[in-house]
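In: Prediction below, plus the sequence it came from.
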Amino acid sequence: MGIYVQKIIILLSFKIFFIGSLQSTSQACHPVDQVALLDFKNKITSDPSKVLHTWVPTTDCCKAWEGIGCDTTGRVINLTRPGLYSGDDSIVDTSMSGTLSPSLSKLSSLQLLDLSNLKNMGGQIPPEYGKLSRLIHLFLDSNNLTGSIPPTFRDLHQLKRLYISDNSLSGTIPSNLFANMTSLSELGLSDNHFSGPIPTSIVNLVSLTKLDFHNNNFSGNIPDSIGNLRSLKNVDLSFNQITGSLPKSIGNLSSLVLMYLNNNKLVGTIPSSISGLISLQFLHLSENSLYGNLPLSIGSLPKIQRLILENNKLTGKLPPTIGNLSTLNELYLGNNLFTGAIPSSLGDLQGLQTLNFSTNRLNGPIPRQLEKLHLLQELDLSFNPLRLVKIPDWFQNLKLFRLLLARTGIQGKLPSWFTSSSVSVLDLSNNAITGKLPFWIGNMSNLSFLNLSNNGFHSSIPNGFRNLSLLMDLDLHSNKFSGNLRKIFSKSFRDPLGSYNSLDVSSNIFTGEIPENIGNEQVMGSIKSLILSHNLLGGNIPASIGNLTELQVLKLVGNGLSGKIPVELGNAKEITTLLLSNNKLRGSIPAGVLNLTKIQEFDVSGNRLKGRIPAHTTKIPGKAFMNNPGLCGAPLPPCKHNH
């Protein structure tokens with residue numbers, strides 16, 4: 001939306017200019033231009049909002065046609081009919097269908113062409129548009145254009161803004177396309193299917209401030225001399241197939257504010273020349289294969305606010321110079337191979353709101369200097385060999401919204417200071433926490449996500465649990481919880497928050513039947529994943545589960561369940577995974593359950609089912625039906641006649 005609002009401001013300024021021009025217009029619309037515009041209109045097959053309704057042959061295109069501006073000689077210099085534009089009181093959003101007419105190339109004085117956001121405008125970009133030698137602004141983004149960029153565009157020497165993003169364009173970019181576009185300041189080719197290398201002629205765009213190629217299939221290296229583009233402020237090459245290393249010359253981009261190179265195939269080290277990016281605020285290099293140490297010079301980015309380097313192969317110790325990044329708000333270094341201790345200098349980052357070091361090889365202790373981070377909202381140190389033993393008591397002085405300490409070596413009981421904590425997302429899974437789930441858990445009224453899985457808890461669910469009215473995701477699997485499940489299914493909630501999204505209590509020793517009314521409990525109404533496997537439940541599968549219209553995953557493996565598979569499960573149309581194996585289920589398989597349209601994984605093996613397996617379209621392996629002595633039919637052996 002930002003691009004469009006920006007363009008609307010540009011267009012409004014153009015309108016003011018052209019109103020002044022129109023007042024002094026002495027000649028009628030040039031006949032060549034009028035014919036060209038009418039030909040464009042003739043190629044429009046649908047105009048539901050009547051964007052072109054004023055374009056009639058009997059009137060003057062300069063004076064009566066909306067979206068047209070002319071100079072004093074009657075030549076069209078402005079054609080603006082975007083699908084998103086400023087109305088009297090609001091922004092109007094519309095569409096048009098058809099193809100781009102080559103005749104527009106006859107508008108020889110045209111400076112501004114905006115046919116963006118018409119959504120259904122298809123076909124190719126006419127190569128004749130390369131003749132529009134006076135064109136300054138070209139906006140064809142957010143349409144359904146196909147084909148490639150015409151090589152003739154290399155002749156648009158006066159172009160300052162070129163946006164053809166968000167189409168279905170493909171092919172390679174002509175290598176010399178940008179050789180003479182020295183006036184180009186903004187270039188948007190994102191969200192297409194372009195492939196091949198980034199053309200080396202791009203380094204001739206010495207006036208370029210914005211370069212956006214994200215979400216294509218570009219490959220090859222970033223040009224070594226990209227550092228020549230000293231005016232660059234925004235670079236987004238994310239979500240491509242770009243290889244090679246980061247050019248050292250990027251350190252010359254002293255005006256750069258934003259650099260997104262994430263989700264590519266970059267290798268090599270982060271060059272120490274990065275310290276030259278003195279205007280950089282947002283750096284996103286995640287989802288690559290960068291390796292080596294973080295350079296000490298990373299601490300010389302005086303304006304950096306967001307530094308995202310996660311999901312790479314970076315190694316070595318974290319440089320203490322990170323503590324110099326006084327403007328930093330977000331730091332993501334997760335899923336790398338960093339070793340050593342967390343630098344105490346991080347305590348100097350007074351503006352830090354997010355600190356994510358998860359899935360590295362960092363060791364403890366956690367420096368107490370982090371206590372000074374009064375604005376910190378998210379702390380994720382999960383999956384590091386920190387050997388914490390206990391969560392430091394000074395954590396209670398942090399006003400954290402998200403605290404994630406999975407597999408960090410925590411032992412013993414939950415610290416009682418959690419009773420007054422404001423934490424909303426808490427992940428303490430894969431530790432050695434023991435004891436009971438404390439009665440005061442109900443005081444943690446902000447909890448929306450709680451993961452205590454893979455620990456040593458041994459207790460029933462305390463009465464206070466019902467007070468967790470905002471809790472939406474609960475994972476207690478692989479503990480020794482006991483008692484019945486009713487308190488989990490009947491907790492309070494604050495509509496629209498607090499209804500379950502996911503619930504996993506598998507691999508415990510819960511007892512008692514699954515409540516018959518589970519599918520009618522309001523707190524269960526929007527659940528997507530329900531996993532109760534490997535408990536001592538017994539009883540039947542409640543038919544009311546079929547009322548869970550958003551349920552995608554249902555796992556009831558090894559629960560000692562008996563009775564029949566309820567036909568009503570076939571009403572839960574969103575189910576993709578249904579695992580009912582290793583129970584004592586009897587009767588036949590309901591055809592409507594086996595033929596759920598979205599089913600991908602199905603398993604009823606190890607029960608006491610009988611009868612013919614209903615015909616089904618989803619490919620399900622034979623092992624999913626094994627060890628049911630009475631079942632027959634594909635994919636098991638054929639039924640005998642008495643079936």
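Out: Nice, I can see it.

In: Tell me how many other residues surround residue 257.
Out: Using other CB atoms under 10 Å, residue 257 has 18 other residues around it. Bear in mind the C-beta positions are built from the backbone N, C-alpha and C, glycine included.

In: so residue 409 makes contact with residue 389?
Out: Yes - the criterion here is CB atoms under 8 Å, and residue 409 meets it with residue 389 at 6.3 Å.

In: which residues does the nearest residue to residue 67 once chain neighbours are set aside contact?
Out: Among residues not flanking residue 67 along the chain, residue 81 sits closest, at 4.4 Å (CB to CB, 6 or more residues apart in numbering). For residue 81, the contacting residues are 51-52, 66-67, 96, 114-115, 118, by CB atoms under 8 Å, 6 or more residues apart in numbering.

In: one more time with 10 Å, if that's ok
Out: By CB atoms under 10 Å, 6 or more residues apart in numbering, residue 81 lies in contact with 40-41, 44, 47, 51-52, 55, 65-68, 94, 96, 113-116, 118.

In: Likewise for residue 382?
Out: 334, 356-360, 403-408, 427-430, 451 are the contacts of residue 382 under CB under 10 Å, 6+ apart.

In: From the residues you listed, which land in strands?
Out: 356, 403-404, 427, 451 (DSSP state E).

In: Buried among the residues you listed? Make that a PyMOL selection.
Out: In PyMOL, this line selects whichever of the ones in strands among the contacts of residue 382 come out buried by 16 or more other CB atoms under 10 Å:
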select buried, resi 356+403+404+427+451
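
In: will you turn the ones in strands among the contacts of residue 382 into TSV that also has distance to residue 383 and pLDDT?
Out: Below are the ones in strands among the contacts of residue 382 laid out as TSV (distance: CB to CB, whole Å; pLDDT from 0 to 100):
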residue	distance to residue 383	pLDDT
356	11	98
403	14	98
404	9	98
427	10	98
451	13	98
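
In: from the ones in strands among the contacts of residue 382, which two are the most distant?
Out: For these, with distances taken as CB to CB, the pair at the greatest spread is 356 and 451 (16.2 Å).

In: From the contacts of residue 81, list the buried ones, please.
Out: Buried members of these, counted by 16+ other CB under 10 Å: 40-41, 44, 47, 51-52, 55, 65, 67-68, 94, 96, 113-116, 118.

In: Which of those fall in strands?
Out: 44, 68, 96, 113-114.

In: what touches both of residue 409 and residue 389?
Out: 364, 431-432.

In: Buried ones among those residues?
Out: 364, 431.

In: and which of the shared contacts of residue 409 and residue 389 is nearest residue 35?
Out: Of all the shared contacts of residue 409 and residue 389, residue 35 sits closest to residue 431, with 76.5 Å by CB to CB.

In: beta partners for the closest residue to that closest one other than its chain neighbours?
Out: Leaving aside its chain neighbours, residue 431 sits nearest to residue 410 (4.1 Å; criterion: CB to CB, 6+ apart). Bridge pairing for residue 410 (DSSP bridges) gives the partners residue 389.

In: Pull the number of nearby residues for residue 410.
Out: Close neighbours of residue 410, defined as other CB under 10 Å, add up to 21.

In: Surely it is in contact with residue 454?
Out: No - using CB atoms under 10 Å, residue 410 is not in contact with residue 454, being 11.6 Å away.

In: Next up, phi/psi of the nearest residue to residue 207 once chain neighbours are set aside, please.
Out: Take residue 207 and drop its neighbours on the chain: the residue closest to it by CB to CB, 6+ apart is residue 185, 5.1 Å away. The phi/psi pair for residue 185 (degrees, to the nearest 10) reads phi -110, psi -30.

In: all helices of the stretch 451-600 of the chain, in order?
Out: 486-489, 591-594 (DSSP state H, counting those that start in this stretch).

In: Please list the outside residues in contact with the first one.
Out: To tie it back to what came earlier, the one meant is helix 486-489. 460-466, 468, 471, 474, 476, 481, 500, 503, 505, 510, 512-515, 517-518, 521, 523-524, 530, 532.

In: which among these end up buried?
Out: Buried residues within those, counting neighbours by 16+ other CB under 10 Å: 460-462, 464-466, 468, 471, 474, 476, 481, 500, 503, 505, 510, 513-515, 518, 521, 523-524, 530, 532.

In: Next up, the contacts around the residue nearest to residue 207.
Out: Shown in contact with residue 185 (CB under 10 Å, 6+ apart): 159-162, 205, 207-210, 231, 233.

In: Might one say that residue 112 is in contact with residue 77?
Out: Yes - counting by CB under 10 Å, residue 112 does reach residue 77; the two are 7.0 Å apart.

In: how near is residue 457 to residue 480?
Out: For residue 457, the distance to residue 480 equals 6 Å [CB to CB, to the nearest Å].

In: More neighbours: which of those two?
Out: Between residue 457 and residue 480, counted using other CB under 10 Å, the more crowded position is residue 457 (20 against 13).

In: how about that one, what does it touch?
Out: Going by CB under 10 Å, 6+ apart, residue 457 touches 413-414, 433-437, 476, 478-482, 508.

In: same check, this time on residue 400
Out: 373, 376-379, 421-426.

In: Pull out the buried members of these.
Out: Looks like those have 373, 376-379, 421, 423-426 buried, using 16+ other CB under 10 Å.

In: Next, format those residues as a markdown table and append secondary structure and pLDDT.
Out: Listed next are the buried ones among the contacts of residue 400 as a markdown table, based on DSSP: H, G, I helix; E, B strand; the rest coil; pLDDT from 0 to 100:
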| residue | secondary structure | pLDDT |
| --- | --- | --- |
| 373 | coil | 97 |
| 376 | coil | 97 |
| 377 | coil | 97 |
| 378 | strand | 98 |
| 379 | strand | 98 |
| 421 | coil | 92 |
| 423 | coil | 97 |
| 424 | coil | 97 |
| 425 | strand | 98 |
| 426 | strand | 98 |
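
In: and of the contacts of residue 400, the nearest to residue 591?
Out: For the contacts of residue 400, the nearest to residue 591 is residue 425 (41.7 Å; CB to CB).

In: and that closest one, how far is that from residue 459?
Out: Separation of residue 425 from residue 459 (CB to CB): 23 Å.

In: Next: residue 211.
Out: 58 Å.

In: Mind checking which of the two has more residues around it?
Out: residue 211 (24 against 15).

In: Go ahead and confirm the more buried one touches residue 165.
Out: No - at 11.8 Å, residue 211 does not count as touching residue 165 under the criterion of CB under 10 Å.

In: which residues are common contacts for these two?
Out: Joint contacts of residue 211 and residue 165 (CB under 10 Å, 6+ apart) are 187-190.

In: Show the buried residues in those residues.
Out: For the shared contacts of residue 211 and residue 165, buried by 16+ other CB under 10 Å: 187-190.

In: quick one: contacts for residue 390?
Out: Applying CB under 10 Å, 6+ apart, the residues near residue 390 are 409-413, 415, 433.

In: Closest one to residue 615 out of these, please.
Out: residue 433 (49.2 Å).

In: in the helix or strand containing that closest one, what counts as buried?
Out: In the assignment (DSSP states H and E), residue 433 maps to strand 432-435. By neighbour count on 16+ other CB under 10 Å, the buried set for strand 432-435 is residue 433.

In: Please apply the same query to stretch 232-251.
Out: 232-240, 242-247, 249-251.

In: Stretch 160-177 now?
Out: In stretch 160-177, counting by 16+ other CB under 10 Å, buried: 160-167, 169, 173-174, 177.

In: So what sits opposite residue 612 in the bridge?
Out: Beta-bridge pairing for residue 612 (DSSP bridges): residue 632.

In: quick one: it and residue 640, what's the gap?
Out: 10 Å.

In: got any residues that touch both of those two?
Out: Jointly contacting residue 612 and residue 640 under the rule CB under 10 Å, 6+ apart are residue 632.

In: ok, these two, which is more surrounded?
Out: Shown here are residue 612 and residue 640; by other CB under 10 Å, residue 612 has more neighbours (17 against 7).
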